[in-house]
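Asker: My questions are about this predicted structure, shown below with the sequence.
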Amino acid sequence: MKGRLASRKGLVLACAVLSVVLLASVVSAIGLGAAVIAPEETARYLWAAVSGGRISADEVTTYQIIWQIRTPRVLLAALVGAGLSAIGVAIQAMVRNALADPFVLGVSSGASVGAVGVTVTGGLAALGIYAVSAGAFIGALVASLLVYVASADRGALSPLRLVLTGVAMSLGFQAVMSLIIYFAPDSEATSMVLYWTMGSFGAANWGALPVVSVVVIVGLVVLYRYGRALDVLALGDETAASLGISPDRHRKALLVLASLVTGVMVAVSGAIAFVGLVMPHLVRMVVGATHARVLAVAPLTGAIFMVWVDLVSRTLVAPRELPLGVITALVGVPVFITLMRRKGYMFGGR
Amino acid sequence: MDLRLDGLSVVTDGKSLVRDLSLEVGSGQVVGLVGPNGSGKSTALRCVYRALRPSSGTVWVGEQQLSCLTMRRSAQVIAAMTQDGAVDLDFTVEEVIALGRAPHLQGNQALSRRERELCERAMDRLDIRHLARRGVLTLSGGERQRVLLARALVQEPKILVLDEPTNHLDVRHQVELLSLLRGSGLTVLVVLHDLNLAAAACDRLGVLCEGRLVTTGTPEDVLTTELVDEVFGVKASIVSHPLTGDPQLLYSLNPSP
């Protein structure tokens, strides 16, 4: 039995409430940090920035903290949280595996290799400050492509082969990365590895935001529109074919979409573990398995979660920053285990 | 709408699973495919519901070639109840049945009132109304089979193909399911293991052995002591059902050595 949220009205209400919570979280998180600014003040600064209003000269420093540093960072956190959750849903449907997350296809380790490679060799210098991100993006896409080529069997993608190939390739990429670092033993490369494998929004700026928001939002909309197709895929390949959905064609399309969106997200934030794995399960426990519902709710909860995780990351041991992956796991694991035990949640067999 | 398999062959990894199979299922007829394990029955069915593309030969749906239809279009005409009934996610029974409407709906379009009533009628017909809100992963094998058939019926097909639909069902539900097929008015191609049920339920039978169609005809014509011995390697006595006159097989176990 599913709760009240299973009804259409309940779902719309839930999404409305979650949107308000998200907005409030964003404004609060922009106000919070080393210099604490009240939510109404924050809102006034944001309004001034958006509407081109005036602020007095002694407020310029605060304004810059808010608009130039914190706002892009918090927005990026929200976007990446939303994207990871939705792509997690899609990947779990694509490879038909409860353990799958956005990085199961080797995207994160591929991105790490790309980023570290660019840092060590100084390649892509023409791209300036975006060189490392571009390297990460290229690494992510190359990784997905390799996983695809290695797992395709006469052009068809079997879910289990895809996961196994992805996991094996990830280990391979990690080895390549270790090798690069071993031969270029400067401290920068080592800290880069931590950044790319645990994730951080520390490098957020307005420059990257347009690309990320377009890619993530388009990805979310496309996935949502394919909600029913994902439902049908979850009934098995034979059944999907008999219901007019070509499992293979959809799996390929999903692979391309997931790789692009994840690649872009990894390039700006590193690989933030756990959210894309667990948020889909958490949301399914509450709203049921139907993908259109899960894909409406998961991006919102993922965004809210990530905004608060990022806040903890930059305030808990300020001025140092905790890696995001540490917090997502420390908070998420107990919540997940508790809910799973209480709800008698099932994915596949028993 | 009639269904015709014309010279169908399937070769996978150099192995011939189905060889030059031609079979006609007239409009509204129930035709059974029988044969020993690995004789190509399921493979032939998979070509009809498009999980598999035949290596050669054609499937005709009415006047059209199946391969010329989009998958969505053919799913509006042909529904299947497959062996692979494993579901990954804990959908409720009513959600799974509603997915039978997928070939008729655009994107996430909601079900109309008529379609929701259709789903409810299908649940009533298969005696699963009380399971509507249960998660499919909690069902017994037999209950799940009935859910899958309900989903196929909701698809409102003209042609229904079923791969061993009586698996996991108790006797009562086996009889009810096959009676439902007979009374459905649909063109039905069904793989059955139980020759007695096949004889009772089908207008015609096709017997497959090693991918080839050995013979086809009415159950009376097809089910002979010689054929059962030749194809299945079993000695059976064949009697006429006292009420219906259908041929029924009585098996004797091999004498102990």
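Answerer: Right, received. Where do you want to start?
Asker: Where does pLDDT dip in the stretch 51-200 of chain B?
Answerer: Scanning the stretch 51-200 of chain B for pLDDT under 70 picks out the ranges B:85.
Asker: One more: the stretch 101-250 of chain A?
Answerer: A:155, A:185-189.
Asker: and it, which residues reach chain B?
Answerer: Neighbours of chain B within the stretch 101-250 of chain A, by Cβ under 8 Å from any Cβ of the partner chain: A:224-229, A:231-232, A:234-239, A:241-246. (Each C-beta comes from the backbone N, C-alpha and C, glycine too.)
Asker: Separate out the buried members of those.
Answerer: A:224, A:226-229, A:231-232, A:234-239, A:241-246 (16 or more other Cβ atoms under 10 Å in any protein chain shown).
Asker: Of those residues, which belong to helices?
Answerer: A:224, A:227, A:228, A:229, A:231, A:232, A:237, A:238, A:239, A:241, A:242 (DSSP state H).
Asker: Of the residues you listed, which pair is most distant in space?
Answerer: A:224 and A:238 (25.9 Å; Cβ to Cβ).
Asker: quick one: contacts for residue A:261?
Answerer: A:83, A:87, A:215, A:216, A:219 (Cβ atoms under 8 Å, 6 or more residues apart in numbering or on different chains).
Asker: So which of these wins on neighbours?
Answerer: residue A:87 (33 neighbours; other Cβ atoms under 10 Å in any protein chain shown).
Asker: That one contacts residue A:258, doesn't it?
Answerer: Yes. Here residue A:87 reaches residue A:258: they are 5.1 Å apart, a contact under Cβ atoms under 8 Å.
Asker: shared neighbours of these two, anything?
Answerer: residue A:102.
Asker: For chain A, give me its nearest residue in the stretch 151-257 of chain B.
Answerer: Among all residues of the stretch 151-257 of chain B, residue B:155 sits closest to chain A, at 7.3 Å; criterion: Cβ to the nearest Cβ.
Asker: For that residue, grab the count of nearby residues.
Answerer: Counted with other Cβ under 10 Å, residue B:155 comes out at 26.
Asker: Run through the residues that contact it.
Answerer: Contacts of residue B:155 (Cβ under 8 Å, 6+ apart): A:243, B:75, B:76, B:79, B:100, B:101, B:103, B:104.
Asker: Please apply the same query to residue A:89.
Answerer: A:223, A:230, A:280, A:283, A:291, A:294, A:295, A:298.
Asker: Need these in CSV (columns: neighbour count and secondary structure).
Answerer: Below are these laid out as CSV (neighbours: other Cβ atoms under 10 Å in any protein chain shown; DSSP: H, G, I helix; E, B strand; the rest coil):
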residue, neighbour count, secondary structure
A:223, 27, helix
A:230, 25, helix
A:280, 29, helix
A:283, 25, helix
A:291, 27, helix
A:294, 30, helix
A:295, 25, helix
A:298, 30, helix
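Asker: How about the secondary structure of residue B:8?
Answerer: strand (DSSP: H, G, I helix; E, B strand; the rest coil).
Asker: oh sorry, the question was meant for residue B:169
Answerer: Relying on three-state DSSP, one would call residue B:169 coil.
Asker: same check, this time on residue B:249
Answerer: Taking three-state DSSP, the label given to residue B:249 is strand.
Asker: That one bridge partners, please.
Answerer: Residues in a beta bridge with residue B:249, per DSSP bridges, are residue B:238.
Asker: quick one: residue B:97 and residue B:124 touch, right?
Answerer: No. Counting by Cβ under 8 Å, residue B:97 sits too far from residue B:124 to count as a contact (11.5 Å).
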